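J.: build me a model from this:
(one chain, ligands or ions: 2)
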Amino acid sequence: MPDFKGEIQSKLPSAGTSIFAVMSKLAVEHNAINLSQGFPDFPISEKLIARVNHYMKKGFNQYAPMPGVKPLRDAIAAKTKATYQVDYDPETEITITAGATQAIFTAISAFVREGDEVIIFEPAYDSYAPAVKSFGGLVKYSTLKLPDFHIDWGEVKHLISNRTRMIIINTPHNPCGSLLSKDDMKQLEKLTNDSDIIVLSDEVYEHLIFDGNIHQSVCRFPELLSRSLVVGSFGKTFHATGWKTGYVLAPARLMVEFRKLHQFTVFASNTPIQYAIADFLQDPDNYQNLHIFYQQKRDFFVNSIRNSRFHIVPSYGTYFQLLDYSTISKETDLKYAKSLVLEHGVASVPLSPFYSFPSDAKLLRFCFAKKEETLSNAAEILCRI
Ligand code: PMP
Ligand code: GLN
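T.: Ligands and ions are numbered 1, 2, ... in the order given. Prediction:
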């Protein structure tokens with residue numbers, strides 16, 4: 001095909017292919033055990049599949065209403081009320097999206113203008129900064145502080161200016177597995193009080209939280225909630241990452257603006273899946289015990305590699321486990337992750353792509369949303385290194 005000859009000014013000149021796609025491709029090419037990209041390798045609920053099937057057969061195959069089907073918005077309102085004791089109006093304050101990535105991108109597109117500043121904590125999920133930059137926003141990074149990846153609120157205070165439009169938080173945190181505490185949320189509340197700053201709170205792992213910790217959703221903090229868009233994903237909650245169905249909660253004035261952009265990004269998301277999830281959410285047993293399920297997986301993986309030479313960084317939430325390989329190799333994490341696939345047959349995700357600066361951290365992220373057999377095969381290899 002004759003290629004385009006005109007000039008292109010890339011909106012994202014330094015963006016390559018996402019590290020998740022790179023590592024998953026490498027894993028497939030080398031037939032490696034894939035603990036890189038975050039997705040479960042076990043089947044999802046048969047009941048949930050049957051509900052999708054049911055709605056497809058009944059003819060629910062045309063466009064959903066733009067904000068999402070009402071039964072699902074009602075079900076999310078009820079779940080949010082039961083979990084956080086807060087009322088979101090399904091008519092005006094809940095929108096169903098094509099996954100959390102779209103929710104995040106649309107939220108940023110709705111509020112970030114040329115020259116606006118957005119504070120992002122790094123290591124950061126890979127979609128935040130490119131979304132901000134593609135709308136002309138300026139990213140102000142605050143690095144999470146070792147050893148436990150906590151936020152330095154004093155630093156955040158200095159980053160805030162009269163051009164700060166948004167602060168993006170993520171708890172439980174991908175890739176670190178760390179959590180924001182009640183005190184963190186209070187600090188954020190205090191720093192944003194009386195400002196026009198919008199908080200975008202990525203809470204896709206809200207139910208994947210361990211060791212008796214409580215998810216400190218912005219929903220628990222009335223002042224914060226009034227300036228926040230909260231993002232959820234059924235990909236995580238129902239093990240169905242390929243369904244790309246998520247949602248946004250926000251007070252009505254913010255949601256009006258979100259929907260203006262949402263209607264021109266996807267208009268609406270998958271209809272039969274929305275109805276099926278609405279039914280599935282009626283039974284809290286379908287999501288309430290997820291923390292027990294995933295804590296068992298974390299513990300199984302961690303116990304299986306305890307005698308390896310990797311150093312285990314505690315994971316308090318998400319389905320990711322960081323391992324430090326600094327006593328094994330001095331290679332960069334990108335090189336080491338690649339050699340782990342090529343020479344040992346286990347795929348992970350290096351941490352440096354989650355930073356804006358060249359990081360020499362010797363950390364790899366492993367996804368433990370896998371069958372015990374997968375985890376034990378991977379652990380056996382890691383223990384031999
Ligand atoms: N945010 C975080 C922190 C994630 O880890 C992910 C996906 N793993 C997303 C957003 C995107 O979720 P979705 O697949 O629903 O787009
Ligand atoms: N969120 C998943 C992860 O962290 C991957 C999502 C994606 O591939 N974009 O691995």
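J.: so is the host helix or strand of residue 253 next to ligand 1?
T.: Using DSSP states H and E, the element containing residue 253 is helix 252-265. No. Judged by C-beta under 6 Å from any ligand atom, helix 252-265 makes no contact with ligand 1; its nearest approach is 12.9 Å. Quick note: C-beta positions are derived from backbone N, CA and C, even for glycine.
J.: for the following helix or strand past that helix, name the packing helices and strands.
T.: Once the chain leaves helix 252-265, the next helix or strand it forms, by DSSP H and E, is helix 271-280. On a contact count with 3 or more C-beta pairs under 8 Å, 6 or more residues apart in numbering; DSSP states H and E, helix 271-280 meets helix 46-57, helix 70-84.
J.: in the stretch 201-350 of the chain, what residue is nearest ligand 2?
T.: residue 349 (6.5 Å; C-beta to the nearest ligand atom).
J.: at which residues are the helices of the stretch 51-200 of the chain located?
T.: Here the stretch 51-200 of the chain has its helices, by DSSP state H, counting those that start in this stretch, at 70-84, 100-111, 128-134, 153-159, 182-192.
J.: kindly export the fourth one (C-alpha atoms) in PDB.
T.: Extracted C-alpha coordinates of helix 153-159, given in PDB (Å, rounded to 0.1, in the frame of the first residue of the first chain):
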ATOM      1  CA  TRP A 153       1.800  14.800  50.500                       C
ATOM      2  CA  GLY A 154       4.200  17.600  51.200                       C
ATOM      3  CA  GLU A 155       5.500  17.100  47.600                       C
ATOM      4  CA  VAL A 156       2.000  17.000  46.300                       C
ATOM      5  CA  LYS A 157       1.300  20.300  48.000                       C
ATOM      6  CA  HIS A 158       4.200  21.900  46.200                       C
ATOM      7  CA  LEU A 159       3.100  20.500  42.800                       C
END
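J.: for that helix, buried residues please.
T.: Neighbour-count burial for helix 153-159 flags 153, 156 (criterion: 16 or more other C-beta atoms under 10 Å).
J.: average pLDDT for that helix?
T.: Helix 153-159 shows a mean pLDDT of 98.
J.: does the residue of the stretch 201-350 of the chain closest to ligand 2 touch residue 175 like I think?
T.: Yes. Using C-beta atoms under 8 Å, residue 349 is in contact with residue 175, at 6.8 Å.
J.: got any residues that touch both of those two?
T.: residue 365 (C-beta atoms under 8 Å, 6 or more residues apart in numbering).
J.: and residue 275, what is it in contact with?
T.: 51, 55, 60, 69, 71-72.
J.: among those residues, which one has the most neighbours?
T.: Neighbour counts for those (other C-beta atoms under 10 Å) peak at residue 72, which has 27 neighbours.
J.: look up how far ligand 1 lies from that one.
T.: 15 Å (C-beta to the nearest ligand atom, to the nearest Å).
J.: nearest spatial neighbour of that residue, skipping sequence neighbours?
T.: residue 278 (4.0 Å; C-beta to C-beta, 6 or more residues apart in numbering).
J.: can I assume that neighbour is in contact with residue 69?
T.: Yes. Assessed by C-beta under 8 Å, residue 278 is found in contact with residue 69 at 6.6 Å.
J.: joint contacts of these two?
T.: Common neighbours of residue 278 and residue 69 (C-beta under 8 Å, 6+ apart) do not exist.
J.: and residue 267, what does it touch?
T.: Contacts of residue 267 by C-beta under 8 Å, 6+ apart are 63, 66.
J.: and it, backbone torsions?
T.: Per-residue torsions, residue 267: phi 70, psi -60 (degrees, to the nearest 10).
J.: and the gap between it and residue 330?
T.: 51 Å (C-beta to C-beta, to the nearest Å).
J.: which residues are contacting stretch 360-378?
T.: Residues outside stretch 360-378 that contact it (C-beta under 8 Å, 6+ apart): 33, 35-42, 175, 239, 294, 297-298, 300-301, 304, 313, 319-326, 329-330, 332-333, 336-337, 340, 346, 348-352, 355.
J.: helices - which of those land there?
T.: When DSSP state H defines the helices, the subset of the contacts of stretch 360-378 inside them is 294, 297-298, 300-301, 304, 333, 336-337.
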